[in-house]
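S.K.: The sequence and its predicted three-dimensional model are supplied below.
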Amino acid sequence: MSSLDASSLSLESETARMLFDPALDESILADERKACRQSLRYFCLQHWDEVPGTSKLVWNWHLDLFCDELQKVAERVFKGLPREYDLVLNVSPGTSKSTFWSILFPCWVWTRMPSARILTASHTDDLVLDLANKARTVIKSDKYRQLFPEIVLREDQDTKGYYANTLGGDRKTCTVAGKSPMGFHAHFIIPDDPIDPKKVLSEAELVAAKEFMVNFIPTRKVDKLVTVTLLVMQRLGLRDPTDVMLDEAKKEGAIPVRHICLPAELDRNEDGSWSNRNVNPPELTKRYINGLMDPFRLSREALSQYKARPHYYSTQFGQQPYDLMGGMFQSHWFNRRVKAAPYHARRVRSWDRASTFEGGCYTAGVLMAMDDDKNLYVEHVEHGQWEPNERNQRMLAAAQRDRARYGPKHEPEIWVEEEGGSTAKDARMNLVKAMAGFNVRFYHPTGSKDVRAEPWACQLAAGIVCIVEDGTWDVAGYVQEHVAFKPEPGKRLGKYKDQVDASSDASAKLTVSNYGVGSFRVLGPRKQKGLRVIACSRSVLAEMPVAEQGSLLVDFVDPGEDRFPNSLPAGGMRDGIQETIPSDPPTHSLAKLLGFLRLSFAPIDPADHQQTWDQSVKPWGRKASEVMMNDSHGKKLWSFLLGHKGSVPDLWVFCDSGDGRAMSAAMAACDVMMLDRKKSLWSPSEPDRDWSKEKPLMKHVFDCVKAGRAKVVF
């Protein structure tokens, strides 16, 4: 096995520093120049630090392989001999593949063949220009110019996308299905990641890449027999450019392809030995270190963070392509994208929990909604590999976010798959304690995961499922896991099927079960005789006739208006609520004011902000979730109304700026206290109005006040 020991690294680094000495002996320069020209490997070692943005070079055997394979095909081009094969390399991202193939290799080629014409391509203009520009930086470096003074870039042709030297060589860039170098022909054609990994699910991208590999590249060669194609990429799926080149090479009369495939880690055989499956040539398996291709760049700890997205990991790190169209789920079934689901839809958050930490499985919590027309919406997915305590805290955080966004009436049901094993009871009790205050239901699924996934697949195929794409969760990883899900026994993509399972169960709960939504526990009313509830604006409150009864006053204000002139804060902020002492109420005519509370929240309804949930709401400059009423306000309200010590109040007075918050809260208070609105609810501005059959102007405030009563026990 070729290797580089510490002493050779130190020696070569010292030589590299000597090259900057203006008094360096010409004989030493000649030796260095000869060594660089004869060995691509040595050239790369000497010029690694000249590449912008590179970190410290740590050599691994796969870098020897890069250099050996590239130099072998280049030597025939230098001699004008027909190529023996084109070269395809599949290797994981983060392995310096582009630095060697697209930056340093073209620079080295000109040291041997200054007239070489080089064409490089990628899926985006920014990427291919960046690679070409970094190579140009190496060529203009002091070290390169000192060793190879004959290589000088032409002043009249020196741009990032196309530059040439004074000896006839040039380098031009193009993009797949984009910028085309019309009239340009090359000795070396280097497609580097010719398809965007983020768009591999697109049939149009696959077709465009195939057109580029089959019909474009063959027309861009200086000599059809000599020019070599060097494709470097990570696998992205069946029918990607690697498949295209391998299939073309099988045709009669075609030039062969040498295929090098290096997965990041090896699988194990049944006997525990390392498998050479998917390694090409298979003998390279012997060069892996404890099953890893590169323990430094791609350690198991580094790889673990990518395994939550199974298709992404399997293809780009495992170099194991899967048919993106051939499983139980088709990629185009997920093309219905929306910004938000209807606010008044029924919701379920279904959790598929991993039974053990680092056992290969992940926890997934899928939030799904169903509207009145039976359309389904995948709104959000929590997905990760967490130890039990962290997992429970993440589940609690998700429940709190869901409640804050959808309110007590529309917050989702929470369903959790019951864990198996002897620790199931303890795990359940720990979760119930962590989720105190939320109605968590457990269930025991029946049937295999394949069988349970079939109805979910049918719903997707029928086109009734929408994906909420709002930037808050990994939609691509969610789709990829579904596409990789195989119904045949033993054919699934490893153990990663948790998002599919949670989705299947969520859709089943929405379409089959009939559990109620928004239920809450109502405690009996406090015994009070003749309690009256008044709702009005602050301006009306100031002019209202004098009330002699004992009164509690609640003032609803906008965010930022929770302090009026002469306000005296009593306890600061708590749960987003400004606490003030009784001397701080608005102007009133309540002769016997027993207590005062100010609640600060915006007069908005979350139903109106679902598509702009993460945007600032004018004029408050904060997100809707940060300024609207929530369950903390409801709890605070009832603690104030029912927890008053001393004289029992006869009046509850609610006031606002005339926007409907006060009357909506008053209606809810009457309903919870079982008061006849017609007899007990009164508005000074409309004294004769019958409120018994009226609907609240602000439904969200109404719901939050009703739900808040269940959180207060006396």
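M.R.: Yes, it's here.
S.K.: from what I can see K592 touches Q549, true?
M.R.: Yes - counting by CB atoms under 8 Å, K592 touches Q549, with 6.6 Å between them. C-betas here are computed from N, CA, C, even on glycine.
S.K.: how close does W415 get to D501?
M.R.: W415 sits at a distance of 12 Å from D501 (criterion: CB to CB, to the nearest Å).
S.K.: the more surrounded of these two?
M.R.: Taking other CB atoms under 10 Å, W415 and D501 do not tie; W415 has more neighbours (23 against 20).
S.K.: which SS state does the more buried one fall under?
M.R.: Recorded secondary structure, W415: strand (DSSP: H, G, I helix; E, B strand; the rest coil).
S.K.: Looking at the chain, which helix is longest?
M.R.: helix 388-410 (DSSP state H).
S.K.: And the strands in the stretch 401-550 of the chain?
M.R.: Applying DSSP state E, counting those that start in this stretch to the stretch 401-550 of the chain gives strands spanning 413-417, 440-443, 465-468, 532-537, 547-557.
S.K.: if you compare the ones you listed, which one is most tucked away?
M.R.: Mean neighbours per residue, mean count of other CB atoms under 10 Å, is largest over the strands of the stretch 401-550 of the chain for strand 532-537, with a mean of 23.
S.K.: For it, name the packing helices and strands.
M.R.: Applying 3 or more CB pairs under 8 Å, 6 or more residues apart in numbering; DSSP states H and E, we find strand 532-537 packed against strand 651-656, helix 661-672, strand 681-682.
S.K.: Helix 661-672 and that one, what's the angle between them?
M.R.: Here strand 532-537 runs at an angle of 160 degrees relative to helix 661-672 (axes from the mean of the first three to the mean of the last three CA atoms, to 10 degrees).
S.K.: Check the average confidence over strand 532-537, would you?
M.R.: Averaged across strand 532-537, the pLDDT comes to 94.
S.K.: ok, and what's touching it?
M.R.: Residues outside strand 532-537 that contact it (CB atoms under 8 Å, 6 or more residues apart in numbering) are 544, 549, 650-658, 662-663, 665-666, 669-670, 675, 680-685.
S.K.: What's the per-residue pLDDT of S600 here?
M.R.: pLDDT, read off for S600, is 93.
S.K.: and it, how many neighbours?
M.R.: Quick note: S600 (other CB under 10 Å) scores 20 neighbours.
S.K.: tell me the domain ranges of the chain?
M.R.: Annotated domains of the chain cover 6-262, 331-511, 532-605+622-709 [automatic domain parsing].
S.K.: For these, give me JSON lines that also has distance to V279.
M.R.: Listed next are those as JSON lines, based on distance: least, CB to CB, whole Å:
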{"stretch": "domain 6-262", "distance to V279": "6"}
{"stretch": "domain 331-511", "distance to V279": "18"}
{"stretch": "domain 532-605+622-709", "distance to V279": "50"}
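S.K.: residues contacting G178?
M.R.: Residues near G178 by CB under 8 Å, 6+ apart: 124-125.
S.K.: gap between H700 and A404?
M.R.: Using CB to CB, H700 is found at 11 Å from A404.
S.K.: between the two, which one's more packed in?
M.R.: Remark: of H700 and A404, H700 carries more neighbours, 26 against 17, as counted by other CB under 10 Å.
S.K.: The more buried one against A624, yeah?
M.R.: No - the criterion here is CB under 8 Å, and H700 misses it with A624 at 10.6 Å.
S.K.: list residues touching both of these two?
M.R.: Shared contacts of H700 and A624, defined by CB under 8 Å, 6+ apart, are found at 604, 606.
S.K.: For stretch 475-489, what is the distance to the chain centroid?
M.R.: 16 Å (CA atoms, centre = their mean, to the nearest Å).
S.K.: ugh, wrong one, I meant stretch 660-670
M.R.: The answer for stretch 660-670 is 41 Å, by CA atoms, centre = their mean.
S.K.: likewise stretch 187-200?
M.R.: Put simply, stretch 187-200 sits 24 Å off its chain's centre (CA atoms, centre = their mean).
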